[in-house]
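S.K.: coords please:
(one chain, ligands or ions: 1)
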Amino acid sequence: MSDETIMVKIRGLGKRFGQIQALDGVDLDIERGRIIGLLGANGAGKSTLLRHIIGLYLPDSGWCTTLGCDAGRLGPPELARIGYVHQEGELIDWMTAAQLIRYVSVYYPNWNKELEQRLVGEYEISLKARVGSLSPGQRQRLAILIAICFEPELLILDEPAAALDPLARAQFLDLLLQLIQDQKRTIVISSHILSDVEKVIDQAVVMKAGKIVADASFDALREKYSRVRLTSLAGPLPEPLDFANVLECRRNQSEATLTMHDLPPELIEAAAARIHCQAEVHPLPLEDIYRIVVA
Ligand SMILES: Nc1ncnc2c1ncn2[C@@H]1O[C@H](COP(=O)(O)OP(=O)(O)OP(=O)(O)O)[C@@H](O)[C@H]1O
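M.R.: Numbering: from 1, shown residues only. Purely as a prediction, here's the structure:
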């Protein structure tokens, strides 16, 4: 794949904080135009990985290039193409929201004034309020506005929705969906709210104890895992059920719900017909896929 299409390339990345191996041999390619969900339990290494991508941390071993440049040496031209929103977003507290927006926007020739005005309205940002007086959710909205309005090619979102109320989260997801209409934009989003993430991502990267344990297109994961509801058409279900590739089974006399992997719907339906059952095959929600992958 040409380097033009790879926004971030990571090989053998390792980072230790004292006794803690926060990253342990991470390899990852992030392609242009993708929206990637970075998932993992608390302490899995997500924020540490994202901070390496933008050069805030330097690796102990391995390397990371971002926009074709060693991440530790990103300069103003590259940083002007990267947006970053994180949980502890540091904003300038003594300014009003309006002053902060103006202060940031002058640095960016691409600043999208129309998007700014739309987000100020949709997010109900009080322009006259001092940044330091805003609630965590209001600060988060302001941080999102600032990271998005200069139209970065690469947008790194570290738990961007953690402080948002359900309505603001839904608005934020809509906004992400609009942003990715632009095929050139790439978004990496870490979040624990998997029901949100699954609405927008097309690649899932799952971390556990500093390693990547899954890196796949979301479509491939949804093909790999399925939930099957079996209903007996004649008499009780056989005991045991003669099905391959079953990860979990809940059943009673006449119905069963199976979590399965690597079995196409045609084969599931054929196996169900052999035991006189009807099978409904559904994709597995991301939350369940995640549970299986990190087990
Ligand atoms: N600056 C630091 N100093 C010391 N330890 C750190 C530092 N940053 C991260 N760690 C440790 O590295 C590990 C990975 O942390 P990281 O913040 O990357 O995890 P995470 O997956 O983002 O977690 P969460 O979902 O809770 O945000 C944790 O054990 C954390 O305590």
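S.K.: any idea how far Ile125 lies from the ligand?
M.R.: Here Ile125 is placed at a distance of 25 Å from the ligand (Cβ to the nearest ligand atom, to the nearest Å). Quick note: C-beta positions are derived from backbone N, CA and C, even for glycine.
S.K.: quick check: which element contains that residue?
M.R.: Using DSSP states H and E, Ile125 sits within no helix or strand.
S.K.: which non-adjacent residue is nearest it?
M.R.: Ala97 (5.4 Å; Cβ to Cβ, 6 or more residues apart in numbering).
S.K.: for Leu263, same thing?
M.R.: What sits nearest to Leu263 in space, not counting adjacent residues and going by Cβ to Cβ, 6+ apart, is Asn245, at 4.7 Å.
S.K.: quick one: contacts for that neighbour?
M.R.: Neighbouring residues of Asn245 by Cβ atoms under 8 Å, 6 or more residues apart in numbering: 260-263.
S.K.: quick one: which of those sit in strands?
M.R.: Taking DSSP state E, the ones among these that sit in strands are 260-261.
S.K.: just the contacts of Asn245 now: which is nearest the ligand?
M.R.: His261 (25.5 Å; Cβ to the nearest ligand atom).
S.K.: give me the element the residue nearest to the spatial centre of the chain is part of.
M.R.: Compute the mean C-alpha point of the chain, and by Cα atoms, centre = their mean the closest residue is Gly37, 2.0 Å away. Remark: Gly37 resides in strand 35-40, with elements defined by DSSP H and E.
S.K.: what about that strand, distance to the chain center?
M.R.: In terms of Cα atoms, centre = their mean, to the nearest Å, the centre of strand 35-40 is found 3 Å from the chain centre.
S.K.: likewise stretch 26-46?
M.R.: Per Cα atoms, centre = their mean, the centroid offset for stretch 26-46 relative to its chain is 7 Å.
S.K.: about what we covered before: where's the nearest residue to the residue nearest to the centre of the chain once chain neighbours are set aside, which helix or strand?
M.R.: Once flanking residues are discounted, Gly37 sits nearest to Ile201: 3.8 Å by Cβ to Cβ, 6+ apart. Ile201 belongs to no helix or strand when assigned by DSSP H and E.
S.K.: check contacts around Ile201.
M.R.: Counting by Cβ under 8 Å, 6+ apart, Ile201 has contacts 35-37, 189, 218.
S.K.: ok, and what's touching the next helix-or-strand element following the strand holding Gly37?
M.R.: As assigned by DSSP H and E, the chain's next helix or strand after strand 35-40 is helix 46-53. Here helix 46-53 makes contact (Cβ under 8 Å, 6+ apart) with 8, 10, 13, 15, 22-23, 26, 28, 38-40, 57-59, 64, 66, 71, 84, 86-87, 156, 158, 188, 190, 207, 210.
S.K.: next, the angle helix 46-53 makes with the helix or strand following helix 46-53.
M.R.: Sequence order places strand 61-66 as the next helix or strand after helix 46-53, per DSSP H and E. Here strand 61-66 runs at an angle of 70 degrees relative to helix 46-53 (axes from the mean of the first three to the mean of the last three Cα atoms, to 10 degrees).
S.K.: what's strand 61-66 packed up against?
M.R.: strand 6-17, helix 46-53 (3 or more Cβ pairs under 8 Å, 6 or more residues apart in numbering; DSSP states H and E).
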